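Undergrad: Okay, predicted coordinates and the sequence, questions at the end:
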Amino acid sequence: MTPRMTDHMKRADAGFRPLYAVEAAIRASSLEPLLVHLVKLRASQINGCAFCIQMHVAEALKDGETPLRLHMLPAWRESPLYSPRERAALAWTEALTRLPDSGAPDADWAEVEAAFDTDERAWLTIAIGAINLWNRVQAGLRVPHATTLPGPRADAA
């Protein structure tokens, strides 16, 4: 894979600075970091963004996520490893990432309403929108991914 641009962040710095601010705001929100990692990773898997998949796996491992849960994420609906709250977030992630096909179904939104408070619902939706934008930039420009991952934290189960 040949990168289409290598200096896009420099060339569009004024556009990327607000995206970094959105990411900082998401991190400062009440959403738990491991849930945000799952959301970002799942959207990146759907969008086929290798750069973002590698980055979010690495970040999740560094923050204590287990390798098994990361491996099972594409089959989260068939796995008992995810909480009802995570399932609601993952369904909403898939619905918004596949918006033309899904139409953001009321049933998925009802699960989000049951699992998240009003502020969290807004932040979750922003996080999903943000990762979809990042995926389109990084995959569209064929940004190469790192070729290593950190090991899991020593205190991770």
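TA: Noted; the coordinates are in hand. Numbers count the residues shown, from 1 in each chain.

Undergrad: right, and the secondary structure at the residue nearest the centre of the chain would be what?
TA: Nearest to the mean C-alpha position of the chain, by C-alpha atoms, centre = their mean, lies Lys40 at 0.4 Å. Secondary structure, DSSP: H, G, I helix; E, B strand; the rest coil: Lys40 is helix.

Undergrad: residues touching it, list them.
TA: With contacts taken as C-beta atoms under 8 Å, 6 or more residues apart in numbering, Lys40 has the following neighbours: Cys52, His56, Ala127, Ile131. No exception for glycine: its C-beta is placed from N, CA and C like everyone else's.

Undergrad: Kindly recompute the last result at 10 Å.
TA: By C-beta atoms under 10 Å, 6 or more residues apart in numbering, the residues touching Lys40 are 23, 26, 49, 52-53, 55-57, 59-60, 93, 127-128, 130-132, 134-135.

Undergrad: for the one helix or strand Ala107 maps to, packing partners?
TA: For Ala107, the host element (DSSP states H and E) is helix 106-115. Secondary-structure packing of helix 106-115 (3 or more C-beta pairs under 10 Å, 6 or more residues apart in numbering; DSSP states H and E): helix 84-97, helix 118-140.

Undergrad: With mean neighbour count added, can I get those in a markdown table?
TA: Putting these into a markdown table (neighbours: other C-beta atoms under 10 Å) gives the following:
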| stretch | mean neighbour count |
| --- | --- |
| helix 84-97 | 21 |
| helix 118-140 | 18 |
